[in-house]
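Trainee: This is the structure alone, sequence omitted:
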Ligand code: ES4
Ligand code: ZN
């Protein structure tokens with residue numbers, strides 16, 4: 001099964017580059033930048049990666065990225081991920097990053113973007129994958145701060161395919177960002193939002209109807225809302241599922257409970273992704289393998305998931321056709 005998964009050309013549509021920060025690289029960059037980290041060893045860091053819920057994880061995730069300061073740091077972070085992605089036979093990656101998690105601690109946006117773009121250019125010159133960048137607004141911050149971020153992104157808008165919405169979901173519904181997303185849409189950006197990871201199906205509905213997103217990240221809570229499931233299928237909306245993330249954050253008790261199989265059966269365009277691979281125990285092919293084992297997915301389903309990853313991407317149609 002693993003051989004089949006490894007051999008499948010795939011795209012990853014839900015990857016937070018800051019969540020690919022492996023502890024070994026974190027220590028190296030911390031030493032180089034003379035930034036203290038509250039752990040004595042790589043083993044201690046990994047031992048801290050036990051999360052009861054999304055917020056437990058986010059607290060550690062924002063702490064980890066604190067050592068990132070220079071363009072070189074971002075280039076190395078993304079370079080390490082893209083080398084792993086190439087080994088997993090990923091041909092295309094739509095890479096989330098959190099501008100406010102860096103600018104909020106004094107790292108200029110250009111430092112982050114220059115470093116990520118340098119890594120993307122190196123990947124393009126060494127066999128791929130291709131990279132589209134997607135900055136995300138932090139939903140625990142205000143809409144005014146999201147609009148300020150959009151202003152900061154504007155002069156370099158050509159480097160981004162779209163915008164997203166992430167961080168703490170409960171209490172921060174998509175409707176909170178209606179104006180920011182309307183403006184992003186006017187700027188020509190594709191739109192995605194995390195919805196239904198811990199939040200109710202009403203948040204998925206808001207993301208679709210109020211934000212008018214092109215894609216839903218996670219979307220788990222659609223299971224159980226028959227009308228919503230029907231609409232997601234009929235409209236061909238892509239849901240970027242992250243099986244090991246759901247498991248590690250307690251959204252599901254076991255991978256057998258993952259919504260992926262049920263969504264495939266209902267004709268929903270669902271994809272399999274790693275979310276934050278350094279924190280959740282695996283990259284894309286690890287997610288495919290663990291899920292396939294738990295839900296007895298065969299070659300047909302795995303092929304459908306791989307095809308969905310290109311169909312649901314923001315690649316132009318002719319590029320999609322080349323991959324599918
Ligand atoms: C995230 Cl798993 C998850 N959920 C929401 N926001 C995030 N940012 C990084 N990983
Ligand atoms: Zn995510």
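Mentor: Nice, thanks for sending it over. The model shown is predicted, which means the values in this text are computed figures rather than measured ones. Residues are numbered from 1 along each chain as shown. Ligands and ions are numbered 1, 2, ... in the order given.

Trainee: Just give the nearest non-adjacent residue to the closest residue to ligand 1 within the chain, would you?
Mentor: Using C-beta to the nearest ligand atom, the single residue of the chain nearest to ligand 1 is residue 166, 3.5 Å away. All C-beta spots, glycine's among them, are computed from the backbone N, C-alpha and C. Closest residue to residue 166 apart from its sequence neighbours, by C-beta to C-beta, 6 or more residues apart in numbering: residue 136 at 4.4 Å.

Trainee: Residue 299 too?
Mentor: Of all residues not flanking residue 299 in the chain, residue 4 sits nearest, at 6.2 Å (C-beta to C-beta, 6+ apart).

Trainee: Show me where the stretch 51-200 of the chain has its helices.
Mentor: Assigned by DSSP state H, counting those that start in this stretch, the helices in the stretch 51-200 of the chain fall at 54-64, 71-87, 99-103, 109-124, 143-153, 178-186.

Trainee: hmm, back to that, report the beta-bridge partner residues of the residue of the chain closest to ligand 1.
Mentor: With DSSP bridges as the criterion, residue 166 is bridged to residue 138.

Trainee: Poorly predicted segments of this protein, please.
Mentor: Along the chain, the model assigns pLDDT under 70 to no residue.

Trainee: How about the residues of it by ligand 1?
Mentor: Within the chain, the residues that sit near ligand 1 (C-beta under 6 Å from any ligand atom) are 16, 19, 54, 61, 166-167, 194, 197, 245, 275-276.

Trainee: Which of those residues has the largest number of neighbours?
Mentor: Neighbour counts for these, by other C-beta atoms under 10 Å, peak at residue 275, which reaches 30 neighbours.

Trainee: picking up where we left off before, ok, the residue of the chain closest to ligand 1 - contacts?
Mentor: Residues near residue 166 by C-beta atoms under 8 Å, 6 or more residues apart in numbering: 16, 96, 98, 136-139, 194, 217.

Trainee: Relative to residue 201, how far out is it?
Mentor: Counting by C-beta to C-beta, to the nearest Å, the gap from residue 166 to residue 201 is 19 Å.

Trainee: And residue 219, by the same measure?
Mentor: 9 Å.

Trainee: Neighbour count: those two, which is higher?
Mentor: More crowded of residue 219 and residue 201, by other C-beta under 10 Å: residue 219, with 29 against 19.

Trainee: tally of neighbours for residue 131?
Mentor: 22.

Trainee: beta partners for it?
Mentor: Residue 131 has these beta-bridge partners by DSSP bridges: residue 93.

Trainee: Identify the residues contacting it.
Mentor: 78, 82, 92-95, 116, 119-120, 123-124.

Trainee: Spatially, which residue comes closest to residue 102, not counting chain neighbours?
Mentor: residue 112 (5.0 Å).

Trainee: what about that neighbour, neighbour count?
Mentor: Using other C-beta under 10 Å, residue 112 has 25 other residues around it.

Trainee: now the one 3 residues further on
Mentor: The burial count assigned to residue 115 is 24, neighbours taken as other C-beta under 10 Å.

Trainee: Distance to residue 149 for the contacts of residue 166 - can I get that in JSON lines?
Mentor: Formatted as JSON lines, the contacts of residue 166 follow (distance: C-beta to C-beta, whole Å):
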{"residue": "16", "distance to residue 149": "16"}
{"residue": "96", "distance to residue 149": "14"}
{"residue": "98", "distance to residue 149": "10"}
{"residue": "136", "distance to residue 149": "9"}
{"residue": "137", "distance to residue 149": "6"}
{"residue": "138", "distance to residue 149": "9"}
{"residue": "139", "distance to residue 149": "12"}
{"residue": "194", "distance to residue 149": "16"}
{"residue": "217", "distance to residue 149": "18"}
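
Trainee: Can you tell me the SS state at residue 40?
Mentor: coil (DSSP: H, G, I helix; E, B strand; the rest coil).

Trainee: Give me the contact list for stretch 108-120.
Mentor: Residues contacting stretch 108-120 (C-beta under 8 Å, 6+ apart): 17, 68-79, 82, 95, 97, 99, 102-103, 130-131, 133, 152-153, 156, 159.

Trainee: Quick check: buried residues in it?
Mentor: 109, 111-120 (16 or more other C-beta atoms under 10 Å).

Trainee: Residue 292 reaches residue 243, doesn't it?
Mentor: No - contact criterion C-beta atoms under 8 Å: residue 292 and residue 243 do not qualify, at 9.8 Å.

Trainee: of those two, who's got more company?
Mentor: Legend: neighbour count by other C-beta under 10 Å for residue 292 and residue 243, higher for residue 243 (28 against 24).

Trainee: Now that one. Nearest residue, chain neighbours left out?
Mentor: Here the residue nearest residue 243, using C-beta to C-beta, 6+ apart, is residue 291, at 4.5 Å.
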